[in-house]
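structure for the following, please:
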Amino acid sequence: MGLIITPEYLNEGTLLVILITTKSSSYENKFAKGYKNIFLLTKRENPFLLNDSILLLDKVLHIDKLRVKAHMGFVRKRIFKEVLHSFQKFLTP
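Next up is the predicted model:
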């Protein structure tokens, strides 16, 4: 599962995707330590998720549109802006 971050006007044949994984205790430790490479997506704010999940900001893929099998939902605009801000902070040394 992943979050597509490619702008609509660049959606030609490929997509830029940030991978999503289920939240676990190892990620809770990373949150406590202030790691910049993870972002929490809660089930409460994103009802399409089965569990609280983690965006892995250091795991970005460039994939062909044909590999997308299903659409589960959208993150809210506010959350998407927070994700992009966190991604930008992660990329800035």
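
quick one: strands adjacent to the helix or strand hosting His62?
Using DSSP states H and E, His62 maps to strand 53-64. When sheet partners are counted by DSSP bridges, strand 53-64 sits next to strand 14-22 (antiparallel), strand 38-41 (antiparallel).

pLDDT averaged over whatever helix or strand comes next after it, what's the number?
The first helix or strand that comes after strand 53-64 along the chain, using DSSP H and E, is helix 77-91. Averaging pLDDT along helix 77-91 gives 92.

between the helix or strand of the chain with the lowest mean pLDDT and strand 53-64, how big is the angle?
Here the helix or strand of the chain ranked lowest by mean pLDDT, DSSP states H and E is helix 25-33, holding a mean of 84. Per axes from the mean of the first three to the mean of the last three C-alpha atoms, to 10 degrees, the angle that helix 25-33 makes with strand 53-64 is 100 degrees.

and the contacts of helix 25-33?
21, 37-38, 40, 54 (C-beta atoms under 8 Å, 6 or more residues apart in numbering). The C-beta positions use only the backbone N, C-alpha and C, and glycine is treated the same way.

one more time with 6 Å
38, 54 (C-beta atoms under 6 Å, 6 or more residues apart in numbering).

contacting residues around Val17?
2, 4, 61, 63.

highest neighbour count among these?
Neighbour tally across these (other C-beta atoms under 10 Å): the maximum, 18 neighbours, falls on Gly2.

about what we covered before: can you point out the buried residues in the strand holding His62?
The neighbour-count check on strand 53-64 (16 or more other C-beta atoms under 10 Å) flags 53-57 as buried.

likewise for stretch 19-35?
Counting neighbours by 16+ other C-beta under 10 Å, stretch 19-35 gives 20, 23, 27 as buried.

quick revisit: will you turn the strands paired with strand 53-64 into JSON lines that also has mean pLDDT and distance to Leu91?
Output for these, formatted as JSON lines (pLDDT from 0 to 100; distance: least, C-beta to C-beta, whole Å):
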{"stretch": "strand 14-22", "mean pLDDT": "92", "distance to Leu91": "12"}
{"stretch": "strand 38-41", "mean pLDDT": "93", "distance to Leu91": "13"}
